[in-house]
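[1] Next comes the sequence, and after it the predicted model I'd like to discuss.
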Amino acid sequence: MEQQIEQDMTWKTILWRGLKKRCPKCGQGHVLKGYLTQRPNCSACAEDLSAIRADDGPAWLTILLTGHILAPFIHYAIMHDSFPLQYELPIILGIATVTALSLLPFCKGLFIAIIWFTRQKD
């Protein structure tokens, strides 16, 4: 039972480090340089991150989260008809763009941490 709790804490810690865009091993160095460019290794502990390829996972998660965040707003706009469509559509598209662009780096950090963790289990 004690080993299971320790394993869960490790999993939660690594996920939290990924959301903060930090190295999954040490939690100090950054995994991204700039907006989305992945670093080849950690700047603090020199952990090799070059073999980790997040590919389309972060984009998939970003779209999934953006859709769930925007669904109540879209439902409200359709049901209440408070603005004409030519005003609602640009507002909703603007919110969708800002939401997706804001979430994407965090999702990429999360995927890098998850891939790193699953490779450590081998």
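    Arrived safely, thanks for sending.

[2] Pull the contacting residues for Asn41.
    Each residue near Asn41 by C-beta atoms under 8 Å, 6 or more residues apart in numbering is listed here: Glu47, Asp48, Leu49, Ser50. Every residue, glycine included, has its C-beta placed from N, CA and C.

[3] show me the contacts for the second one.
    Asp48 makes contacts with Pro40, Asn41, as judged by C-beta under 8 Å, 6+ apart.

[4] Now it, what are its backbone angles?
    As for Asp48, its main-chain torsions (degrees, to the nearest 10) stand at phi -70, psi 120.

[5] Check what pLDDT the residue of the chain positioned farthest from its centre gets.
    Relative to the mean C-alpha coordinate of the chain, counting by C-alpha atoms, centre = their mean, the farthest residue is Pro84 (33.8 Å). On the pLDDT scale, Pro84 is placed at 87.

[6] cool, and Ile78?
    For Ile78, pLDDT reads 86.
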